[in-house]
Every structure is written in C-alpha cells, then in structure tokens.
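J.: what's the 3D shape of this:
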Amino acid sequence: MFENLTDRLEGVFKKLRGHGRLSEENIEEAMREVRTALLEADVNFKVAKQFVASVTEKAVGKEVSQKLSPGQQVIKIVHEELVELLGGSTEQIRLDGKQPVIIMMAGLQGSGKTTTAGKLAKMLKDKGRTPYLVPADVYRPAAIEQLEVLGERLDIPVHPSTTEMKPTVICNQAIHEAKNHNYDTLIIDTAGRLHIDHNMMEELKEIQAAIEPSEVLFVADSMTGQDAVSVADRFNQDLEISGVVLTKMEGDARGGAALSIKNVTGKPIKFVGIGEALDALEVFHPDRVASRILGMGDMLTLIEKAESVVDKKQADKLSQKLKKSQFSLEDFLDQIQQIKKMGSLEQIMGMIPGINKMKQQMQNAPQPDEKELAKTEAIIRSMTLQERRDHRIINAGRRQRIANGSGTTVADVNRVMKSYTGMLKMMKKMKGKPGKVSGQKRRKIPKGLRK
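T.: Numbers count the residues shown, from 1 in each chain. Here you go, the predicted model:
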C-alpha cells in the first residue's frame, strides 16, 4: 500500500546520506520533498504541513544524537514522527469491564463492515473468547443472510434477526440471549448508507444509547482516501467512536487515510483488513507500519504470522525429516500451503527489511508470482501418493500425465522437479555438524588457540 511513498522517501534519504554535514538549507530542501511525497500519498494537507514542520524543528534543533550520521539522524526523527502520526502506540480493544462486552460496528455501505464483523469474531474466538454475531442491518438486502453465512463458516452463533424487527429490539434481545448462553462478546453489525444521512445517524445514536457498547468501531474503506477521513470525523462527532478499522489495506490505495485519520479524528486505528480471507485482519501497530513505510521491514509481524500458521508438532516432524533427508514432495506441498496462509507473497516480501533496495538493484529480476505458487501446488496435487513420496519414479510418461492432470506443460513439471531436487541437494550440503557444510575440510586449530 505504501510502496510509492516508500520509494519517494528512499530517494530523499539517499540524497541526505550524500552530505557529510547537514545544513538548515539541506534539511528544508529534503522536507519540501517529503511534504510533496505525503501529499501525493493523499495525506491531509494540514497533517502533511504539521508533520514537516515538526521534523524540521527537531532536525535543526539540539535533539539530534551525535552518535548517528546526518542522514541517519533525519531518518530517525522521521520514523519517530511517523509513529506519532499513525497513533503513537498500539491500541487494543477493551474486553474487560461489564460483561458481555459489546462491540458496535458502524460505517457506510461498501466499506466491508459485515465481513469485518466476521473477521473480528474469528480473531476473538482464536484468542479464547465466545463471540456472538448480531445482524442489526434490516435495510440492506441479504445483510442478515450474509452474517449468517459467515457465522456458519466460522462456527460462531448468529442472533436470529429478521427485517421486520427494529434494530434496538434486536440488540436488546441479543444481549439477553448472550447472558443466557454465556457469550462474552457481542459484535453488532449496524446499517450503513451510501452516504451520511440524518436517519442513519439517529438510528445509530438510538442503538448506542440503548446498549451502551464498550467499543464503537468505525469501518472505513482505505481506497477512498481523504473521503474516509472526513466521514470518520463526522461519525466521531455524532457517535464518539472509540477506534477505526481500515479495510482493503492490501490494495493499491496511496495510504493517505492511514496517515491522516488519527490526527484529524483523534481516534486510533485499531485494526486493518489486508485481504478477503476471514483471517485477513491484523491489529494495527503504528511503529511497525512506520518501519514498513521507511523500508525497514516488519519482522515482528512476519514472525507472528509464521507462528500463527505453523503447527508445533508438524514443525518438529518436518525437522526430523530434514535431518534424515526425507523431505518429500508431500512435505513440499505442506510448506506451500503454510506460506499461503501467511498472506500474499507481496505482503510477506514487504515485511523483509531492505527489500525495496533489493528490488531497485534487481530491476530485471522476476517478481514473486502467486500464479506460479498455485501452479506448483496443482502439479504436486496431480501426482499419485507414491510419486509424492518418491520423486525418483517420475519418468517422462508420468511427467506428461501430471502435466495433463494439472493443466500445465511438461516444462512446468520439469521446473518444479528441478526446484525440488535443488532444494534436496542444498539440504544435504547443510546436513552435518552445526557450522560445518558437508564436503568441507576441517581446519586445524593451532595448539596455542585451543581451549
């Protein structure tokens, strides 16, 4: 999402690193470019102006550390200011206090509000909570049915609402039902409109007064940029929202909404939607996002994603197979599926520190392709169990059959086999004592250096 902004800022910092000593003129010139980059990223004009003024003041003041180079000093200050601009610290939803906890979802139609309610329910269920989904949108066709389908897929109970019922009645009945069945978290999907109108806001106020929710989360489509910010501000004035959920963050939006919304509304971004899958919802971490914007990667999120999809027993089993050189094509398929659970290849790559510099240095290098990953999976699935477990039996005739079965070519099958056998060779080289590669001669250590 922030790729264009990252590239622009990289260019600015590259110029700064070329100066042995930074003058006030150098800094002001760089900040003019930063301001332009922010405006091109659709950041609110006043927010961009305040950001640049704050960075300039600190960069030419006495707060600069003498341990860093001039370019590093400015990058450090920009990073700190970006963290503040994005919210300062991670804001968790409130799950303590009065039970059941009530979370009210609000927003315009098309922002992804209903799907986000399902995603949030799944996230809370995975953390040990017992959520209860409440469809309170009685106007949009199939809104109730959509939430029921999501509940069925997630194995999460959904309150039996009908379009003839009033939203406040639905919510009060749901609270009573939750207490009877010990559901500790209600997630209420309210009605939206294509634009803000008086009737919608009055209904939301009525629901809020009737149920006194612990959280009112405004769901905004990040693709709409500054429109999302202005709508969030209006909702906050009328409802006093507690936080924001930005959806479609995996798209090609410029990032202005994420960088402006806290400053304009005073309310933090609590979650971001990063895809259509029901597990594609993340807690928003301002420091990690700031690091991504500056091309520093986000290893913490990458590690958390890996830990969430990797089964401990399966990982131990795979480790033993690797030690015994028994890594089969079946294991290869399992690894592909685990990678897919972590998100798109582009998202995973974006979390690796320095990846933007590598892209610039390798402009002609092939980019990670989701289709190739899917093709590899289809090829392995077209093999028999015996072929997956012993690749050596896959002759020319079998390769043709596998290609026909997976809708690919023999050349595609050959590429997959070459990648797999190359991986096996690498594993054999890595096998042996820690720090020693197979085939290397052991260096003699002089007696005087031996312990």
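
J.: what's the neighbour count on R389?
T.: By other CB atoms under 10 Å, 14 other residues sit near R389. All C-beta spots, glycine's among them, are computed from the backbone N, C-alpha and C.

J.: That one and Q326 touch, don't they?
T.: No. At 9.3 Å, R389 does not count as touching Q326 under the criterion of CB atoms under 8 Å.

J.: and R234, how far is that from M200?
T.: According to CB to CB, to the nearest Å, R234 stands 11 Å off from M200.

J.: now N263, nearest residue through space, not along the chain?
T.: In this structure, N263 finds its nearest non-sequential neighbour in V47, 4.7 Å apart by CB to CB, 6 or more residues apart in numbering.

J.: and that neighbour, what is it in contact with?
T.: 38, 85, 259-260, 263-264 (CB atoms under 8 Å, 6 or more residues apart in numbering).

J.: SS state for I188?
T.: Secondary structure assignment for I188 (DSSP: H, G, I helix; E, B strand; the rest coil): strand.

J.: still on that earlier bit, from the contacts of V47, pick the one nearest P100.
T.: Nearest to P100 among these is V264, at 31.9 Å by CB to CB.

J.: Now name the helix or strand holding that closest one.
T.: Here V264, judged by DSSP states H and E, is contained in helix 256-265.

J.: One more: R388?
T.: Per DSSP H and E: helix 385-389 holds R388.

J.: in the helix or strand following that helix, what's buried?
T.: Next along the chain after helix 385-389, taking DSSP H and E as the criterion, comes helix 396-406. Within helix 396-406, the residues that count as buried by 16 or more other CB atoms under 10 Å are 399, 401-403, 406.

J.: At which residues are the strands of the chain located?
T.: 101-106, 131-135, 185-189, 215-221, 243-247, 269-273, 281-283 (DSSP state E).

J.: Same list, the ones you listed, but as a markdown table with distance to M165, mean pLDDT and mean neighbour count please.
T.: A markdown table is the format used below for the strands of the chain (distance: least, CB to CB, whole Å; pLDDT from 0 to 100; neighbours: other CB atoms under 10 Å):
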| stretch | distance to M165 | mean pLDDT | mean neighbour count |
| --- | --- | --- | --- |
| strand 101-106 | 17 | 95 | 25 |
| strand 131-135 | 10 | 96 | 28 |
| strand 185-189 | 13 | 96 | 26 |
| strand 215-221 | 21 | 93 | 25 |
| strand 243-247 | 26 | 93 | 27 |
| strand 269-273 | 28 | 92 | 24 |
| strand 281-283 | 28 | 90 | 19 |
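
J.: Format those as CSV; extra columns: distance to P167.
T.: Below are the strands of the chain laid out as CSV (distance: least, CB to CB, whole Å):
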stretch, distance to P167
strand 101-106, 11
strand 131-135, 10
strand 185-189, 9
strand 215-221, 14
strand 243-247, 20
strand 269-273, 23
strand 281-283, 24
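
J.: Of the buried residues of helix 396-406, just say which sits nearest to F218.
T.: Nearest to F218 among these, counting by CB to CB, is S406 at 45.1 Å.

J.: thought that closest one was touching A374?
T.: No. Assessed by CB under 8 Å, S406 is found out of contact with A374, at 10.2 Å.

J.: What count of nearby residues applies to G97?
T.: By other CB under 10 Å, 7 other residues sit near G97.

J.: So it is in contact with S214, correct?
T.: Yes. Between G97 and S214 there is a contact at 6.3 Å, judged by CB under 8 Å.

J.: if we can go back for a sec, of the contacts of V47 - the most surrounded one?
T.: Within the contacts of V47, S260 tops the neighbour count with 29 neighbours, counted by other CB under 10 Å.

J.: With adjacent residues omitted, what lies nearest to that residue?
T.: S260 sits nearest to N44 (CB to CB, 6+ apart), 3.9 Å away.
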